[in-house]
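Enquirer: After the sequence you'll find the predicted model.
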Amino acid sequence: MQCDIRLMEDTTPILPNTKCILILGESAMHKYLPETINSDLGAMRGSLFYYNNIPTICSFNPQEAVDLQNYEATHNVLSKDYTPDDALSSDGEDEDEGNVKAFGRTKRANYSFWLQADVRKCKKILLQSKPSVLPSPSYRIYPPSEEVINILRATKNTNLYFDIETDYEEQNLQCFSFAFYSPDSGLSTVYSVPILDYNYKPAYSSYHHILRALAVAFRDNTVVAHNGATFDFFVMANKYHIPVIKAYDTMIAMQRCFPDIERSLGHCVSYWTWEKFHKDEDSHSYHTMAQMNDRMKYCGKDVYTMFLVHQAIEQYAKKIPGLSDSISAAMNCIRPYLTSTLQGVRVDEEKVKTMINENDRLMVQYNRMIEILVGFDGMRQVRAVIKGKPSMMAGSNTQCCEYFHSLLGYAVVAKGKENKFTGVRKPSLGKKALYKLALKYENPVINLICAYRAVAKETSRLRFEPWIMSYGK
């Protein structure tokens, strides 16, 4: 009774004394918040904006939150994503999920969870009248080396909030940001320290002393990072020989709170804090002084938002029986698993060879059975669509599509990505697509192809390069 519900086409003024606005859908977000015109809803939802000085939150449409697939793209001709073909990729995944590594895309199955989270934010605004946003810390970009060394060496027995930025080829440390938490002053200063400048030369003449001081800080404090268990801590230990002693990973903590929900830093920030999305502020290059400064600022924001996430999770865990113990148990596993990763595990090489040989023989027999069932004429037609030396049909997506869709006339259950030159999306038979095909048609060839691919996958994982440690070098 106290909500004014309207369509985005309604141009009448917002009612007086409106305390909060909830914008649902990307089109409405772009209309009411022009500053988001180059951003998608998945990135901006949950962030705090202001429309005519009124606190505003964006989120998914309720219908989208309950649809299992992107029906708008296949049925609504007015949708910007409209394609009358099915909207599934070659693996049967909803394309709306996108690349999970790019800003931490949101799965459609979790739209409902995030919509509820955003509505709770609106309710908090209604109760508080104004969001309780903490003052931003002071960012020290490229501080003097003496200042960095002194604070890293002098601070003991507290939380060290830490994040790194590296290149993609060799994981060279371009810069790192850190901040210490004090119960009295909180987190007041974030330091962003370059190790390499934009010419890939040492940013400080005393950079080796900075790394030594960082090693001391790692030894004497609990290091808090997001995804540190698989990246930050690994890089520091493997490439720079700076091991972590006591560790806390906010990504793992988020997983213990909500096991099925996205846990990228962007998602965590949108759930636990009032901070705006900043994961698109990285320069993505390191070739000029401006790009170097942008990357250091971005890294510093990661540290501050991670601090807010950590504090919020710790407060939340106290209210859920057993959650704090569960998070502590997970954190205690970081160092042992990291040590195992760095040192490797014992492998029986003869057993690996035996398994690979057995799998190779199985794959040959599976393919032989498939060719017998398809028949000589069928295989001749199937192999006519490929160029070069014929390969095993079970491992060829092109040959499988030719057999099931062209020769047998089976319905297309999934399509691949759009060809950037022709705009055509050809049929595709990935793992999930084959399962769908098996549910629709009783054909032993489908089951044999699934068995072949399972064995091939196991073999590919067995063909790893041994990590031989070289001591004394």
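Expert: Great, that's in hand.
Enquirer: Which of the helices and strands in the protein ranks last by mean pLDDT?
Expert: helix 71-75 (a mean of 80; mean pLDDT, DSSP states H and E).
Enquirer: can you tell me which residues contact L48?
Expert: Applying C-beta atoms under 8 Å, 6 or more residues apart in numbering to L48 gives the contacts 55-57, 121, 131, 133, 274-276. For every residue, glycine as well, the C-beta is placed using N, CA and C.
Enquirer: Going through those residues, which ones are buried?
Expert: The neighbour-count test (16 or more other C-beta atoms under 10 Å) applied to the contacts of L48 identifies 55-57, 121, 274-275 as buried.
Enquirer: And the furthest pair within the residues you listed?
Expert: Of all pairs drawn from these, the widest gap by C-beta to C-beta lies between T56 and E275 and measures 15.0 Å.
Enquirer: hmm, back to that, so which of the buried ones among the contacts of L48 sit within helices?
Expert: If you go by DSSP state H, the buried ones among the contacts of L48 have K121 in helices.
Enquirer: Out of the buried ones among the contacts of L48, which sit inside strands?
Expert: 55-57 (DSSP state E).
Enquirer: Turn the contacts of L48 into TSV, columns for pLDDT.
Expert: Shown next, in TSV, are the contacts of L48 (pLDDT from 0 to 100):
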residue	pLDDT
P55	92
T56	94
I57	95
K121	94
P131	70
V133	69
W274	92
E275	90
K276	87
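Enquirer: Tabulate those (a markdown table), appending distance to T155.
Expert: Converted to a markdown table, the contacts of L48 look like this (distance: C-beta to C-beta, whole Å):
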| residue | distance to T155 |
| --- | --- |
| P55 | 37 |
| T56 | 39 |
| I57 | 37 |
| K121 | 34 |
| P131 | 31 |
| V133 | 27 |
| W274 | 28 |
| E275 | 25 |
| K276 | 29 |
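Enquirer: May I ask which two of those residues are separated the most?
Expert: Farthest pair in the contacts of L48 (C-beta to C-beta) is T56 and E275. Separation: 15.0 Å.
Enquirer: low pLDDT regions in the protein?
Expert: Scanning the chain for pLDDT under 70 picks out 1, 80-81, 83-104, 129-130, 132-133, 388-390, 467-473.
Enquirer: Now do the domain split for it, please.
Expert: Split into domains by automatic domain parsing, the chain comes to 21-128, 138-343, 349-462.
Enquirer: can you list the ones you listed in CSV and add distance to I14?
Expert: Below are the domains of the chain laid out as CSV (distance: least, C-beta to C-beta, whole Å):
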stretch, distance to I14
domain 21-128, 6
domain 138-343, 21
domain 349-462, 40
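Enquirer: among the ones you listed, which is nearest Q2?
Expert: Distance to Q2, taken as C-beta to C-beta, is lowest for domain 21-128 among the domains of the chain, at 8.8 Å.
Enquirer: Now do the end-to-end distance for the closest one.
Expert: For domain 21-128, the first-to-last residue distance is 14 Å (C-alpha to C-alpha, to the nearest Å).
Enquirer: can you offset everything so residue one is 639?
Expert: OK, 639 is where the count begins now, so the last one is domain 659-766.
Enquirer: P651: which of the domains of the chain is closest?
Expert: Per C-beta to C-beta, nearest to P651 of the domains of the chain: domain 659-766, 8.8 Å.
Enquirer: what's the distance between the closest one and the middle of its chain?
Expert: How far domain 659-766 lies from its chain's middle: 17 Å, per C-alpha atoms, centre = their mean, to the nearest Å.
Enquirer: same thing with stretch 779-793?
Expert: Remark: stretch 779-793 is offset 32 Å from the chain centroid, using C-alpha atoms, centre = their mean.
Enquirer: before we move on, what about stretch 942-949?
Expert: Centroid displacement of stretch 942-949 relative to its chain, using C-alpha atoms, centre = their mean, is 18 Å.
Enquirer: Could you single out the nearest of the contacts of L686 to V983?
Expert: Closest approach to V983 among the contacts of L686 (C-beta to C-beta): E913, at 40.0 Å.
Enquirer: List the contacts of the closest one.
Expert: Listed by C-beta under 8 Å, 6+ apart, the contact set of E913 reads 685-686, 907, 943, 946.
Enquirer: Return a PyMOL selection command for the buried portion of those residues.
Expert: PyMOL command restricting those to the buried ones, with burial defined by 16+ other C-beta under 10 Å:
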select buried, resi 685+686+907+943+946
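Enquirer: As TSV, the contacts of E913 with secondary structure and distance to A1052 would be great.
Expert: As requested, the contacts of E913 are exported to TSV (DSSP: H, G, I helix; E, B strand; the rest coil; distance: C-beta to C-beta, whole Å):
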residue	secondary structure	distance to A1052
S685	coil	34
L686	strand	39
V907	helix	34
T943	helix	38
L946	helix	41
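Enquirer: now, among the contacts of E913, which is nearest to T712?
Expert: Closest to T712 out of these is S685 (29.4 Å), distances taken as C-beta to C-beta.
Enquirer: Spatially nearest residue to that closest one (excluding sequence neighbours)?
Expert: Distances taken as C-beta to C-beta, 6 or more residues apart in numbering place K914 nearest to S685, at 4.4 Å, with adjacent residues excluded.
Enquirer: Would you confirm that that neighbour contacts R683?
Expert: No: here K914 does not reach R683: they are 11.3 Å apart, not a contact under C-beta atoms under 8 Å.
Enquirer: isn't V828 right next to Y819, touching?
Expert: No: the pair V828 / Y819 is not scored as a contact, 11.2 Å apart, by C-beta under 8 Å.
Enquirer: out of the two, which sits in the more crowded spot?
Expert: Using other C-beta atoms under 10 Å as the criterion, V828 and Y819 rank with V828 on top: 25 against 19.
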